[in-house]
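J.: Just need the structure, nothing else, for what follows:
(chains A and B)
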Amino acid sequence: MSNAATFDTRTDTAIPVESPLAFSYRHSGAPRAGSSSRVQLRERAMLGHLILRGGAIVLDEAVRDVLGISLPGKPQALVQDASGERSIQWLSPDEWLVIVPSGEEFPLETQLRERLGDSHYAISDVSGGQTVLEITGEAARELLMKAVIYDVHPRHFPVGKGVTTVFAKATTILRRPSEERWELVVRRSFADYCYRWLLDAAAEYGVNVEQ
Amino acid sequence: MSQSKQQVFRLKTGGRIDRSRTLSFTFNGQRYQGHPGDTLASALLANGVDIVNRSFKYSRPRGIVAAGAEEPNAIVQLGSTEAAQVPNVRATQQALFDGLAACSTNGWPNVQRDLMGLIGKLGGQFMPPGFYYKTFMAPASMWLTYEKYIRKAAGLGRSPMEADPDSYDHLHQHCDVLVVGAGAAGLSAALAAARGGARVIVADEQEEMGGSLLGSRETLDGKSADQWVARVLEELAGCENVTLLPRTTANGYHDHNFVTLHERRTEHLGETAPVVNGRRPVRSRMHRVRAGQVILATGAHERPLVYAGNDVPGNLLASAVSTYIRRYGVVPGRQLVLSTSNDDGYRAALDWKEAGCEVVAVVDAREAPAGDWVDAARAQGIKIITGSAVIEAKGSNRVTAARVAKIDIGAYRVSGPVQELACDTIASSGGYSPVIHLASHTGARPTWRDDILGFVPGLVKGVHACGGANGTYALGDVLAEGVEAGVKAAAATGHAAQPVNLPSVERLQQGPAVALFQIPHEKSTLRGPKQFVDLQNDVTAAGIELATREGFESIEHIKRYTAMGFGTDQGKLGNINGMAIAARCLNRSIPEVGTTVFRPNYTPVTFGAIVGRHCRDLFDPERYTALHQWHVERGAEFEDVGQWKRPWYYPQKVNGKTETMHEAVARECLAVREKVGILDASTLGKIDIQGPDAREFLARVYTNKWEKLAVGKCRYGLMCKDDGMVTDDGVTSCLAENHFLMTTTTGGAAAILEWLELWHQTEWPELDVYFSSVTDHWATMTITGPEARKLLAEMTDIDLDRDSFKFMEWRAGKVAGVPARVYRISFTGELTFEINVQANYAMHVWQTLFKHGEKYGLTPYGTETMHVLRAEKGFIIVGQETDGSVTPEDLGMQWCVGYDKPFSWIGKRALTRTDTKRENRKQLVGLKPKDPTVVLEEGAQIVFDPKHAIPMPMVGHVTSSYYSPTLDSGFALAVVKGGLKKMGETVYLPMADGQVHEAEIVSTVFYDPKGERQNV
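T.: Have a look, this model is predicted:
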């Protein structure tokens, strides 16, 4: 252990939780355009989010042992396990975003810390601070072009890429886990802004929000 | 009925319009008809509408001159309803749709019978160039009055007064090759680049792509030019790597190949976007293109000749005459006189004749014109008058005759007798000016070429010009140049060239053109009838000559003095003629005079497209905490803190009346002081700091000491910039030996994280420490007041005993069943617990607090109450008590400065400067108004002697001021020169209304000076 305080912020009792979009659903609704929709939106709420900081060499072996996937060393790379449920994304030369199913983040942090011993690194739990908005549908890419300054053309943004960029006037992480799926990782406090922006921009395509 | 009776100038056949359908529209309240495929301009000409506007300055009647973006006169206001008003639309660029309603932007009460005309005729004498500067600029205070009058007289269109029902947006585009213009050059360039595999965007401002090929006399591979256009467009449309954007103007070319394209998506369909399947499409879209390479295939504008009366309706560009006939099936008159300096102009005469109308004469400035089109004209029996020009157009509301004479260009004089030819239309051609506007936006100066008598674009890296934009006009050469540009651009972005077989084009024999700009008149320029250079801004040749006589030599000065090329026109028709006239007057060559810089936008862009979706409630991000829903339901008023919406106060209904802010804040303050209050403090910045050197790092970025802060303890920290001025503050807690949680001000969170990273990455990379923002992860609920412990004890397993959980400590445990970190710190001076839970649980914990809190009088309070409570305790707010010029010592916070820390810290050195050591610096003090009912104004200036002659020396200002319900008095914090040594002295605050407030300098701590209440 690296002499840091770990803290499991989750509780397994039946305590109600509110995702970052809970407010938005109440105030902006969740449109259902039905089968004519060309864009589908879905919040992948309550996942485990960890920010991993450290040298790639230090972290890689531990991550592979514990999570079974290797740390992406290539800038802007996103790797996932076979199920697609667990992912690691390169954020900066010594910074990665790990997203795992709900509740897995604390055991994962504990195991990583055990495995990493006295090395210098940092793990920060940010699960309550961000959420994943999944965007699919034939107009998904054009919708992203309205908001994101980064080039989302398939030649420039293949599957397995992820970047930190600007969404409208908010900073977001944009990633492409599969051919037809895009994910925006947005900070909790900006989630409603991003959601309203997406609904407004997607209105001309017909948008379906899955809750 | 296939053809409306009124369209008397419409040809029976020909053009690209659909005569099977009739569209109805109004212009200045009069109903007319046209066809799909028409522009508003072509429809007006078809209906014989001569006068479309009144001129800007002289209020002269004006007609349509051009057929494209360069049109200076036919600028209209669109919209049948208030909400749909659009100003400054060129009729030549507006597709006709059924129900279109347009009116002139100028002319009152109407263009036909214009009252301002009289004033204009009079005023014109008094409005020489420089008129605005000479007359209206002094006295400066009157300018607004003058401007109102001038604008009413001048028109210039108006913006709608009602909300726009349409939506607009942006699209961020990236491509290898952006092709601007889809004429012969642009299409061949796009084809070459696209076949090479490059990502290509083709933007063209017209309704249809094809440019001049759509109305060309020439053939490609033996077929009409529009067939080639159709084939190329079909291929391009089928390429997944090509985006075709018709009705899209490249309006600005910015740094690093960033080009903004203004796409008009529904303007051709109706005045508001038509609803399709219940959805309203976006009306206008700004494409923000980051291009690898840019190909400018923007073509050329024909240059009119400058002769007397050249603004009377019925004076047109020769190329526009051809375009109206060939593309729109409209002959804009009956009897034509053509004045030309080159072979290309002859096309207008040929088209006119083929349309079955009378060509009175072609007047050619050259002595011996020769070439294929000249021969064709002769073969048609058209009379050609050589060595001559139209020196004056006669007529007032429409051309009635052309005065034609021999001219001596070299001597600049009329050299023969004048003959008057009756006609209703005069077409003129002075050659072509390449459209260099976009290239000019990059700052590159254009280059003059004598061989083409025009400026070609100066080019920066990654830009290619081809075709007309590059001064290349022969169709075969244009196509070849387009392909070459396409191949080069594709190669520059890593795409191999693919062969493009050019269509075969018959090479025309053309004679050389002659340099002709302003036509001499029998009278001198200053005495003769007006010769217009810039029709939109009413700039005459005489105006330019006068400017040069008054000593203006730089073309940039002449432009500003005369207003040539100003505003929406940007000198499309007039600039080169204006420069040529200036050159003649100054006895210099045109390149010596140089050209002015064209600026964005090329043609006006609607504000909607500029703003896009960034308006109304999406103007700026609104950041919400996890408890926002509760605040909204509780009726909170919100305050903007950075992008956050924070509850400001929670007004209640008392006896059916909603509390004022003053009442609500007083109630909230007393609840905290007497019972218990709760604040949503989630917005505070939180930075997770880990690493063996975390403690050392803190000691270097904060002014105070951190070496002895034990695990489980919290400490207040003060942060300076390297100039020694306070930039942030907050409490940092030691979570473990190598693990700290820093809190920052709400507004400073992002900047402080960057600040830490900057110092770590650039100055102290040897320190092993990492930072991550955890602001949004935690929700923070502050319960504060005498009852806080009792309340929290009901719902936590943490031992809250005053001796086991002391002030400035933190504990982990469960609150309302949720894992929480609880910090015993205080910003109110009362017993306080800050409960931090993972944000997704926040609502549950907050609601549970209220379930338990009712019996203790738990009261939610907002930022206003927070401000009052902390000010009573003399706690600063960075950004309120500080403004970037305040040191820790100015704040009297020497206790928070570790002067003897072993390693230096940010700001330490600056605090030893003579200036920061000065005794009479402005220092933070408390102010007690002599009259307790007075609440001083924040920002009010402080003086020592109110009787001092004005200007009084100002010695400081009020930084925070409130009414304190606890003290039942107004009180304030202020910075006063040398204030710390002036305790008990009286200062004065003169107000704008003449009142002078008196206040006593006191300690900043107004309440519980020993700090006993937070320690209970």
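J.: packing partners for the strand ranked longest in chain A?
T.: Counting by DSSP state E, the longest strand found in chain A is strand A:170-178. The contact analysis (3 or more C-beta pairs under 8 Å, 6 or more residues apart in numbering or on different chains; DSSP states H and E) places strand A:170-178 against strand A:78-80, strand A:87-92, strand A:161-167, strand A:181-187, helix A:191-202. Placement of C-beta: from N, CA and C, glycine included.
J.: Note down every partner strand of that strand and its orientation.
T.: strand A:161-167 (antiparallel), strand A:181-187 (antiparallel) (DSSP bridges).
J.: What residue, apart from its backbone neighbours, is nearest the residue in the stretch 51-200 of chain B that chain A sits nearest to spatially?
T.: The nearest approach of the stretch 51-200 of chain B to chain A comes at B:His174, 3.8 Å away (C-beta to the nearest C-beta). Computed as C-beta to C-beta, 6 or more residues apart in numbering or on different chains, the closest residue to B:His174 that is not its neighbour in sequence is A:Asp151, at 3.8 Å.
J.: residues near that neighbour, how many?
T.: By the criterion of other C-beta atoms under 10 Å in any protein chain shown, A:Asp151 has 17 neighbours.
J.: and it, what does it touch?
T.: A:Asp151 sits next to A:157, B:172, B:174, B:290 when contact means C-beta atoms under 8 Å, 6 or more residues apart in numbering or on different chains.
J.: partner residues bridging the nearest residue to B:Arg247 once chain neighbours are set aside?
T.: Among residues not flanking B:Arg247 along the chain, B:Arg264 sits closest, at 4.6 Å (C-beta to C-beta, 6+ apart). Here B:Arg264 sits in beta bridges with B:Ser284, going by DSSP bridges.
J.: any idea how far the residue in chain B sticking out farthest from the centre is from chain A?
T.: In chain B, the residue that sits farthest from the middle, by C-alpha atoms, centre = their mean, is B:Asp803; the gap is 60.8 Å. Going from B:Asp803 to chain A by C-beta to the nearest C-beta, to the nearest Å gives 23 Å.
J.: Number of residues surrounding residue 28?
T.: I went with chain A, as the question did not name one. By other C-beta under 10 Å, 17 other residues sit near A:Ser28.
J.: Correction: the question concerned chain B.
T.: The tally of other residues near B:Asn28 (other C-beta under 10 Å) stands at 18.
J.: I'd like to know how far it sits from chain A.
T.: 34 Å.
J.: how about the residue lying closest to that residue once chain neighbours are set aside, secondary structure?
T.: Leaving out its chain neighbours, the residue that sits closest to B:Asn28 by C-beta to C-beta, 6+ apart is B:Cys103, at 4.9 Å. Three-state call for B:Cys103 (DSSP: H, G, I helix; E, B strand; the rest coil): strand.
J.: For B:Cys103, name its beta-bridge partners.
T.: B:Cys103 forms beta bridges with B:Gln77, as assigned by DSSP bridges.
J.: quick one: what helix or strand has the most centrally placed residue in chain B in it?
T.: Against the mean C-alpha coordinate of chain B, by C-alpha atoms, centre = their mean, the closest residue is B:Ile610 at 5.8 Å. For B:Ile610, the host element (DSSP states H and E) is helix B:607-611.
J.: Against which helices or strands is that helix packed?
T.: On a contact count with 3+ C-beta pairs under 8 Å, 6+ apart, helix B:607-611 meets strand B:168-180, strand B:284-296.
J.: The first one pairs with which strands?
T.: The strands that strand B:168-180 pairs with in its sheet are strand B:200-203 (parallel), strand B:284-296 (parallel) (by DSSP bridges).
J.: I'd like the distance from it to the chain centre, please.
T.: Distance, stretch centre to chain centre, for strand B:168-180: 17 Å (C-alpha atoms, centre = their mean, to the nearest Å).
J.: Just the angle for that strand relative to helix A:191-202, thanks.
T.: With axes from the mean of the first three to the mean of the last three C-alpha atoms, to 10 degrees applied, the angle from strand B:168-180 to helix A:191-202 works out at 60 degrees.
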